[in-house]
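Visitor: What follows is a protein structure lacking sequence information:
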């Protein structure tokens, strides 16, 4: 009887492992890759490259191949949008695009950008970014027409610091982080929501001031991504000593921790069909970052990177 039970238990384990592998292997047939940012510790002053890999973590390639600071934060279809200082001064960023193979590189606009996440609407023809004009107009939201590079300023409050804008799936709303007085060191950023014309601004998140991490360095609320089909917004917040991914409904009526584990999580992206989540995770000390892929329905998760590089960050899905 005991032997039969052990055989049954072993059979169940085999079936479970096979099922998980089968489920995750579905990702292998995906039309998408994952692009992410890697710090290269070489002789260059500050070399950040953009890597790309398949959804099983194989075929990792450096697709930026430039001794600049290059960070990707968004894609639409096979267009991978990234900021780079390659043709400018150190960390003076402009917007570029390329495909998942690192080809067809093009500078999109002459608008100088801040380091920030971004988002597109209208089949990728409009992209919302955080930009600057000269020394006086900084950390404001702009919308760029991708084909022409023409841009228009959406916010005009230079006292404030705007960042990480993201369109709703229908393009009619924008979620973004906002610090109302960027010179006030006692205040912090929160997520806000507004119409895409800049009207009807509402505060969405309220960081718990009694949290043990309230006085630590790190995100209070930022890097928001709108789930493509479910009615919530995911974002990064440092609480209880570590960065985690949280979620909130657009009306603010419900908030919850998106992933329940003991590790730290941070920048992330949803696949266009909403079935997959990719994010960078680390130990609590943030001494080693990895890229993870999660099947949203089952929460099955796979680590896709090894320890070749310490800083492997900000994954985004991009079509092959």
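Guide: Thanks, I have the structure now. Bear in mind the structure is a predicted one, so any value in this text is a computation, not a measurement. Numbers count the residues shown, from 1 in each chain.
Visitor: the strands in the stretch 201-320 of the chain, which residues?
Guide: Counting by DSSP state E, counting those that start in this stretch, the stretch 201-320 of the chain has strands at residues 202-203, 222-226, 233-239, 242-248, 255-257, 264-270, 276-282, 289-295, 301-303, 312-319.
Visitor: So in that sheet, which strands flank the third one, and in what orientation?
Guide: Pointing back at strand 233-239 there. Strand 233-239 has its sheet partners listed here by DSSP bridges as strand 222-226 (antiparallel), strand 242-248 (antiparallel).
Visitor: got it, and the first one?
Guide: The sheet places strand 202-203 alongside strand 190-195 (antiparallel), with pairing taken from DSSP bridges.
Visitor: okay, and for the protein, where does confidence drop off?
Guide: Residue ranges of the chain with pLDDT under 70: 1-29.
Visitor: ok, 90 please
Guide: 1-30, 41-45, 183-187, 209-210, 212-218, 260-263, 284-286 (pLDDT under 90).
Visitor: Mind jotting down where the strands sit in the stretch 51-200 of the chain?
Guide: Under DSSP E, counting those that start in this stretch, the stretch 51-200 of the chain gives strands at 61-62, 70-76, 79-84, 94-98, 106-107, 112-113, 119-121, 126-133, 137-145, 151-153, 161-167, 173-179, 190-195.
Visitor: can you put these in JSON lines and add distance to residue 244?
Guide: Just so you know, the C-beta spots here come from the backbone N, C-alpha and C atoms, and that holds for glycine as well. Converted to JSON lines, the strands of the stretch 51-200 of the chain look like this (distance: least, CB to CB, whole Å):
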{"stretch": "strand 61-62", "distance to residue 244": "30"}
{"stretch": "strand 70-76", "distance to residue 244": "20"}
{"stretch": "strand 79-84", "distance to residue 244": "26"}
{"stretch": "strand 94-98", "distance to residue 244": "29"}
{"stretch": "strand 106-107", "distance to residue 244": "36"}
{"stretch": "strand 112-113", "distance to residue 244": "27"}
{"stretch": "strand 119-121", "distance to residue 244": "22"}
{"stretch": "strand 126-133", "distance to residue 244": "23"}
{"stretch": "strand 137-145", "distance to residue 244": "25"}
{"stretch": "strand 151-153", "distance to residue 244": "33"}
{"stretch": "strand 161-167", "distance to residue 244": "16"}
{"stretch": "strand 173-179", "distance to residue 244": "16"}
{"stretch": "strand 190-195", "distance to residue 244": "15"}
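Visitor: looking at those, which is closest to residue 203?
Guide: Closest of those to residue 203 is strand 190-195, at 5.5 Å (criterion: CB to CB).
Visitor: which residues are contacting that closest one?
Guide: For strand 190-195, the external contacting residues (CB atoms under 8 Å, 6 or more residues apart in numbering) are 172-178, 200-207, 220-222, 224, 233, 235, 248, 250.
Visitor: Please spell out which residues along stretch 31-47 are buried.
Guide: Judged by neighbour count using 16 or more other CB atoms under 10 Å, the buried positions of stretch 31-47 are 32-39, 47.
Visitor: Over to it now: how far is its first residue from its last?
Guide: 29 Å (CA to CA, to the nearest Å).
Visitor: how distant is it from the center of its chain?
Guide: 15 Å (CA atoms, centre = their mean, to the nearest Å).
Visitor: hey, where'd the helices end up in the stretch 1-150 of the chain?
Guide: Along the stretch 1-150 of the chain, the segments classed as helices by DSSP state H, counting those that start in this stretch run 2-25.
Visitor: Make CSV out of the buried residues of stretch 31-47 and add distance to residue 69.
Guide: Putting those into CSV (distance: CB to CB, whole Å) gives the following:
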residue, distance to residue 69
32, 25
33, 22
34, 20
35, 16
36, 15
37, 9
38, 12
39, 10
47, 8
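Visitor: now the end-to-end length of stretch 183-195.
Guide: So stretch 183-195: terminal residues 26 Å apart, CA to CA.
Visitor: Tell me how many other residues surround residue 237.
Guide: Number of residues near residue 237 (other CB atoms under 10 Å) recorded here: 25.
Visitor: My read is that it contacts residue 207, right?
Guide: Yes - counting by CB atoms under 8 Å, residue 237 does reach residue 207; the two are 7.0 Å apart.
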